[in-house]
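Engineer: with the sequence up front, the predicted model follows.
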Amino acid sequence: MSTIKLTVNGKAVSADVEDRTLLVHLLRENLNLTGTHVGCDTSQCGACVVHIDGRAVKSCTVLAGQAAGSNVTTIEGISKGDELHPMQAAFRDNHGLQCGYCTPGMIMSSIDIVNRHGGKLDEETVRQELEGNICRCTGYHNIVKAVLDAAGRMKVSQAAE
Amino acid sequence: MYETTYHRPSSVDEAVALFGKGKEAKFLAGGQTLLPVMKQRLAAPSDVIDVARIKELIGIEPTGDGIMIKAATTHYDVATSGTVQKAIPALAYLASLIGDPAVRYRGTIGGSLANNDPAADYPAAVLALGATVKTNKRSISADDFFKGLFSTALDDGEIITAVSFPVQAKAGYSKFNNPASRFALTGVFVARTPAGDVRVAATGASQNGVMRVPVIEAALKANWSAGALDSIKVSDSGMLADIHGSAAYRANLVKVMAQRAVTAAG
């Protein structure tokens, strides 16, 4: 057992967990942040993507101990109160989800994609860079539309800040 | 995952000392292979020693004749490094093809080489460019480093600290993705030295892991062009065969990927 201290969605937290605990399980079981999902258990599906120090990574392939001292953002941490993050709003408006299981990971990966590419984002890049996130419902078209839509909205909201 | 004890040393010396104390210790870098394998209970290290945050293991530096990439540098940082893009663009390109963006943020060059997966990308670049693998004990040339499937010249507890890549006159990489795993179904790295020698390495092809391809090297030494390989036949003996491709298919892919890599190298 170890005591893991980290920052999650802006709050300092600590949890006593076994050393073999994965970050995703610390988030879900110790912190009750169940928006981050486990889809495949083989590091392929991307349902568990969160940001560690601003980088979108698979929380099922990170030990809780590896995240100690880091700044973690989950799907629960991106809206401002009732106001959805522009990426969330774009997924809703473009019907970028059906069952919703993959959506938290899709959104966390997509925010990272927009952060890296900004206004230069095109459809091909979105499709390429979402290759680590699997959706079994939508056929991806509306997800890609949502990400491109959000890229425009995020630029506007950043400019407004 | 079986129980394990996690350590986060702050220096290479401390990591090596911890390794010596563990009953069956493993170094953990990005964890993008080791953790999935532990989750499947195919590996059960008593201790995992996290080397990914050791400062002396992170970074990219120009050297006299090339670049040195320290072992815990991530694929993302190699792919986006101005130093790598300028000195050996094919190497930055190769790093940008590994796994997916989330994997590239965590996975490291040292981890990839120590694991020596037969379909990993980096071994092809290290072997074709004639790089040198530096460890806490010694320097190992690429020709001596890879010892077959998941095997390397590394001793127990020996840790890769950096990889030195010389800049060659020409270098190119081309990879045919396995669309599900994004490992190389076959990938070929080609390089021509300033003296005119040619080194070609294929990954994902041989049952023994990364390999040089002498028949292609000879043809390219005589004539550095994709067309020079048109009439070449790569033997399918010893090639991997699975549901994704037969041995003959992979042998042909080695040639086709080499042609594309030469075109990319210019």
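Structural biologist: That came through fine. Owing to the predicted nature of the structure, the values given are computational and were not obtained by experimental measurement.

Engineer: going forward, measure contacts between C-alpha atoms and count neighbours the same way
Structural biologist: Fine.

Engineer: and for residue B:214, nearest residue in space, chain neighbours not counted?
Structural biologist: Nearest residue to residue B:214, sequence neighbours excluded (C-alpha to C-alpha, 6 or more residues apart in numbering or on different chains): residue B:200, at 7.5 Å.

Engineer: who are the packing partners of the strand or helix carrying that neighbour?
Structural biologist: Residue B:200 belongs to strand B:198-203 when elements are defined using DSSP states H and E. Strand B:198-203 is packed against helix B:122-129, strand B:184-192, strand B:211-212, helix B:214-222, with contacts defined by 3 or more C-alpha pairs under 8 Å, 6 or more residues apart in numbering or on different chains; DSSP states H and E.

Engineer: pick the most deeply packed of these.
Structural biologist: The highest mean neighbour count among these belongs to strand B:184-192 (a mean of 29), with neighbours defined as mean count of other C-alpha atoms under 10 Å in any protein chain shown.

Engineer: helices along chain A, start to end?
Structural biologist: Chain-ordered helices for chain A, with DSSP state H as the definition, fall at A:23-25, A:86-93, A:103-117, A:123-129, A:141-160.

Engineer: export the ones you listed to TSV and tack on mean pLDDT and mean neighbour count?
Structural biologist: As requested, the helices of chain A are exported to TSV (pLDDT from 0 to 100; neighbours: other C-alpha atoms under 10 Å in any protein chain shown):
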stretch	mean pLDDT	mean neighbour count
helix A:23-25	98	23
helix A:86-93	98	21
helix A:103-117	97	23
helix A:123-129	96	13
helix A:141-160	88	18
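
Engineer: can you tell me which of those helices is nearest to chain B?
Structural biologist: Chain B lies closest, by C-alpha to the nearest C-alpha, to one member of those: helix A:123-129, at 6.4 Å.

Engineer: any residue of that closest one touching chain B?
Structural biologist: Yes: contact of helix A:123-129 with chain B is found when judged by C-alpha under 8 Å from any C-alpha of the partner chain, involving residue A:129.

Engineer: pull the residues that contact that helix.
Structural biologist: Counting by C-alpha atoms under 8 Å, 6 or more residues apart in numbering or on different chains, the neighbours of helix A:123-129 from elsewhere in the structure are A:113, A:144, A:147-148, B:100-101.

Engineer: could you do stretch B:134-143 as well?
Structural biologist: In this structure, residues lying in contact with stretch B:134-143 by C-alpha under 8 Å, 6+ apart are B:12, B:126-127, B:130-133, B:153, B:158-164.

Engineer: which of those residues lies closest to chain A?
Structural biologist: For the contacts of stretch B:134-143, the residue nearest chain A by C-alpha to the nearest C-alpha is residue B:12; the value is 17.0 Å.

Engineer: wait, residue B:131 sits on residue B:166?
Structural biologist: Yes: counting by C-alpha atoms under 8 Å, residue B:131 touches residue B:166, with 6.4 Å between them.

Engineer: neighbours of residue B:245, how many?
Structural biologist: Other residues within reach of residue B:245 by the criterion other C-alpha atoms under 10 Å in any protein chain shown amount to 16.

Engineer: got it, and the one 10 residues further on?
Structural biologist: A count of neighbours around residue B:255, defined by other C-alpha under 10 Å, yields 24.

Engineer: and what of residue B:147?
Structural biologist: Residue B:147 sits with 15 neighbouring residues when counted by other C-alpha under 10 Å.

Engineer: can you tell me how far residue B:202 is from residue B:127?
Structural biologist: Note on residue B:202: its distance to residue B:127, by C-alpha to C-alpha, to the nearest Å, is 9 Å.

Engineer: who touches both of these two?
Structural biologist: Here residue B:202 and residue B:127 share the contacting residues B:211-212, scored by C-alpha under 8 Å, 6+ apart.

Engineer: show me chain B divided up by domain.
Structural biologist: With automatic domain parsing as the criterion, the domains of chain B are listed as B:5-50, B:58-266.

Engineer: for residue A:158, find the nearest of these.
Structural biologist: Of all those, the one in closest proximity to residue A:158, counting by C-alpha to C-alpha, is domain B:58-266 (23.5 Å).

Engineer: quick one: contacts for the nearest residue to residue B:152 once chain neighbours are set aside?
Structural biologist: Closest residue to residue B:152 in three dimensions, ignoring its sequence neighbours and counting by C-alpha to C-alpha, 6+ apart: residue B:146, at 4.7 Å. Neighbouring residues of residue B:146 by C-alpha under 8 Å, 6+ apart: B:116, B:123, B:152-153, B:210.

Engineer: which of the three states applies to the residue in the stretch 151-266 of chain B that chain A sits nearest to?
Structural biologist: Distances from the stretch 151-266 of chain B to chain A, computed as C-alpha to the nearest C-alpha, single out residue B:181 as the nearest residue at 7.7 Å. At residue B:181, secondary structure determined by DSSP: H, G, I helix; E, B strand; the rest coil is coil.

Engineer: ditto for residue B:10
Structural biologist: Reducing the assignment at residue B:10 to three states with three-state DSSP gives coil.

Engineer: same deal with the one 5 residues further on?
Structural biologist: Using three-state DSSP as the criterion, the local structure at residue B:15 reads helix.

Engineer: verify the stated contact: it with residue B:21.
Structural biologist: No: when contacts are counted by C-alpha under 8 Å, residue B:15 is not listed as touching residue B:21 (10.1 Å).

Engineer: which one of those two has more residues nearby?
Structural biologist: Just comparing residue B:15 and residue B:21: by other C-alpha under 10 Å the higher neighbour count belongs to residue B:15, 22 against 10.

Engineer: and that one, what does it touch?
Structural biologist: In this structure, residue B:15 makes contact with B:8-9, B:49-51, judged by C-alpha under 8 Å, 6+ apart.

Engineer: need the per-residue pLDDT for it.
Structural biologist: At residue B:15, the predicted lDDT confidence score is 98.

Engineer: just give me the neighbour total for residue A:80.
Structural biologist: Residues within reach of residue A:80, counting by other C-alpha under 10 Å, total 9.

Engineer: got the contact list for it?
Structural biologist: Taking C-alpha under 8 Å, 6+ apart as the definition of contact, residue A:80 has no neighbours.

Engineer: ok, for whatever residue of chain A ends up closest to chain B, nearest residue in space, not its chain neighbours?
Structural biologist: When C-alpha to the nearest C-alpha is the measure, chain A has its nearest residue to chain B at residue A:57, with 4.4 Å between them. Computed as C-alpha to C-alpha, 6+ apart, the closest residue to residue A:57 that is not its neighbour in sequence is residue B:102, at 4.4 Å.

Engineer: just checking, the one you found touches residue A:59?
Structural biologist: No: the pair residue B:102 / residue A:59 is not scored as a contact, 9.7 Å apart, by C-alpha under 8 Å.
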